[in-house]
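S.K.: give the three-dimensional model of this entry:
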Amino acid sequence: MTELSPNRNLNTNDWIIETWDPAGSAFALAGAEKLHEAQSPFQKVEVYRSDKWGNVMLIDGCYMVTSKDNFVYHEMMSHPALYSHANPKDVVIIGGGDCGTLREVLKHPGVESATQIDIDKEVTIAAEKYFPELCESNNDPRAKLMWIDGIKWMAEADDASADIIIIDSTDPVGPGEGLFTRPFYTECLRVLRDGGIIVQQSESPLLHLELIKDIRQAWRDVGFECDITEQFFLPSYPSGWWSASFACKGQNDWQAKRDCDVPTKYYNRGIHNGAFAQPQFLIDAFES
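M.R.: Numbering: from 1, shown residues only. Predicted structure coming up:
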């Protein structure tokens with residue numbers, strides 16, 4: 001079987017492969033054909049049709065979304081934060097151009113506004129065509145989609161204007177790199193109301209522990225409190241073990257403040273509690 005280059009057309013004998021050299025690992029799905037390719041000023045966006053996992057979106061050769069398992073990621077990037085907040089009304093999503101997190105946020109009837117800011121419209125164009133189920137809420141009157149620099153938007157946002165900020169970014173390289181810095185977190189703290197929550201996708205606890213430590217230390221340095229990391233399984237991401245990290249402008253016990261009353265496939269109260277349970281190596285990492 002020939003080795004697949006992610007940027008060439010597929011046939012039924014090929015595989016969609018992402019290698020992760022630092023961990024000496026790779027993830028592959030049997031692929032059928034390339035459906036879409038666009039090179040934006042920021043990154044290359046590709047969509048393939050796989051044999052068993054539905055459509056697959058890659059950005060710069062890295063898996064971003066599959067039809068089969070994306071619901072886990074999008075639910076865990078949204079519902080744990082929304083249910084950990086007493087009364088979230090205004091939500092900001094930085095990144096999230098596939099619109100799946102936006103869809104989950106807008107399942108909550110108490111949310112009055114959800115502003116999504118992604119620098120690359122090509123991601124949303126591909127999602128609307130090949131992942132339309134993720135874009136079901138794009139025309140919700142509470143939704144505002146913007147394709148601009150999220151760092152600049154946050155710097156210009158009003159003080160105390162958001163209850164939750166979700167940083168649904170790519171890896172901390174290229175256009176996503178600036179979303180992992182103290183100056184950006186300082187602006188997030190300013191934009192959040194008291195009791196507000198920041199949540200950021202924080203890669204794999206198994207492979208990227210130092211990144212998680214850096215994020216949470218940066219939050220502490222700028223004034224966030226009660227930082228914690230949730231975990232969930234996501235087969236199509238490196239190691240299959242993924243995380244999002246949380247912090248609060250004030251105090252939070254990370255307990256669900258309400259019963260889950262929106263339709264979900266993965267998230268529920270038990271998952272909420274289990275996701276915030278800390279494995280010993282994470283406890284040790286933040287006690288040392």
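S.K.: number of nearby residues for Glu210?
M.R.: 10 (other Cβ atoms under 10 Å). Quick note: C-beta positions are derived from backbone N, CA and C, even for glycine.
S.K.: which other helices and strands does whichever helix or strand it is part of contact?
M.R.: Per DSSP states H and E: Glu210 is located in helix 209-222. With contacts taken as 3 or more Cβ pairs under 8 Å, 6 or more residues apart in numbering; DSSP states H and E, helix 209-222 sits against helix 182-191, strand 225-233, strand 241-248, helix 280-287.
S.K.: tell me the SS of Gln251?
M.R.: Recorded secondary structure, Gln251: coil (DSSP: H, G, I helix; E, B strand; the rest coil).
S.K.: right, and it touches Ile197 too?
M.R.: No. Proximity of Gln251 to Ile197 does not meet the contact threshold set by Cβ atoms under 8 Å, at 11.3 Å.
S.K.: of those two, which one has the most company?
M.R.: Legend: neighbour count by other Cβ under 10 Å for Gln251 and Ile197, higher for Ile197 (26 against 9).
S.K.: beta partners for the nearest residue to Pro205 once chain neighbours are set aside?
M.R.: Excluding its sequence neighbours, the residue lying closest to Pro205 (Cβ to Cβ, 6 or more residues apart in numbering) is Ser243, at 5.1 Å. Assessed by DSSP bridges, Ser243 has beta-bridge partners Gln231.
S.K.: what's the neighbour count on Val222?
M.R.: As a measure of burial, Val222 has 16 neighbours, counting by other Cβ under 10 Å.
S.K.: ignore the last one, Glu225
M.R.: Neighbours of Glu225 under the rule other Cβ under 10 Å: 12.
S.K.: contacts only, for Val92.
M.R.: Ala114, Thr115, Gln116, Ile117, Met154, Ala157, Ala162, Ile164, Ile165, Ile166, Val191 (Cβ atoms under 8 Å, 6 or more residues apart in numbering).
S.K.: how far away is the last one from Ile164?
M.R.: Pointing back at Val191 there. 11 Å (Cβ to Cβ, to the nearest Å).
S.K.: cool, and the third one?
M.R.: Per Cβ to Cβ, Gln116 is found 13 Å from Ile164.
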